[in-house]
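**Student:** I would like to see how this sequence folds:
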Amino acid sequence: MLKLAVGDPHKTLLGVAHLLPLPGSPGASCLEAVIERALTDTEALVASGFDGFVIENFGDAPFYPDNVPAETIASMTRVGAELRRHHTAAVIGINVLRNDARAALCVAAATGADFIRVNVHSGVAYTAQGMLSSQAHESRRLRERSTQTCESSPMLA
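**Tutor:** Numbers count the residues shown, from 1 in each chain. As a prediction, the model looks like this:
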């Protein structure tokens, strides 16, 4: 599990890997092209001194406001697994846009990612996708269920 102590003089520097449109999205790329671009982008981040990166399905616009379809989860899992295989020492996070905490937790668990990012984990935000509401009540329970069968959980929400 990723742990950073309060007051730690080492500041973690993270970049973002904006994925090309995934299969099922408008203008979708083949998955091999998505992986190749993600590897190129993340290699540049790590070579430039970044400690890690967040993977986002940024090319999938227009975004679903909450739950993404299964093909998005499957594609992000495949990309995440490849990136973890190539960047064993990097801190890796998952953000499933626009606001799918459940999918992000599942992708993180399957790929060995260190944390997730949820755009609206508590409260409400008005966005281009409409009103986004907190998913903390669901994601915290999913996180608890997933850690009941594992020694430790790689997820921070």
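
**Student:** Next, give phi and psi for Ile94.
**Tutor:** Per-residue torsions, Ile94: phi -130, psi 130 (degrees, to the nearest 10).

**Student:** pLDDT-wise, which helix or strand of this structure ranks last?
**Tutor:** Using mean pLDDT, DSSP states H and E, strand 124-127 stands out as the lowest-scoring helix or strand of the chain, at a mean of 57.

**Student:** Helices of this structure, start to end?
**Tutor:** Using DSSP state H, the helices of the chain run over 31-47, 70-86, 101-111, 136-147.

**Student:** Tell me which of the ones you listed sits most buried.
**Tutor:** Highest mean neighbour count among the helices of the chain (mean count of other C-beta atoms under 10 Å): helix 101-111, with a mean of 24. C-beta here means a position set from N, CA and C on the backbone, and glycine is covered the same way.

**Student:** Point out where this structure drops to low pLDDT.
**Tutor:** Applying pLDDT under 70 to the chain flags residues 1-9, 120-134, 136-137, 139-157.

**Student:** repeat that for 80
**Tutor:** Applying pLDDT under 80 to the chain flags the ranges 1-10, 65-66, 99, 119-157.

**Student:** tell me, what residue is most central in it?
**Tutor:** The centroid of the chain falls nearest to Ile94 when counting by C-alpha atoms, centre = their mean (1.1 Å).

**Student:** wait, it sits on Gly80?
**Tutor:** Yes. If you go by C-beta atoms under 8 Å, Ile94 and Gly80 touch, sitting 6.3 Å apart.

**Student:** Touching both of those two, which residues are there?
**Tutor:** When contacts are counted by C-beta atoms under 8 Å, 6 or more residues apart in numbering, Ile94 and Gly80 have 55, 107-108, 111, 113 as shared neighbours.
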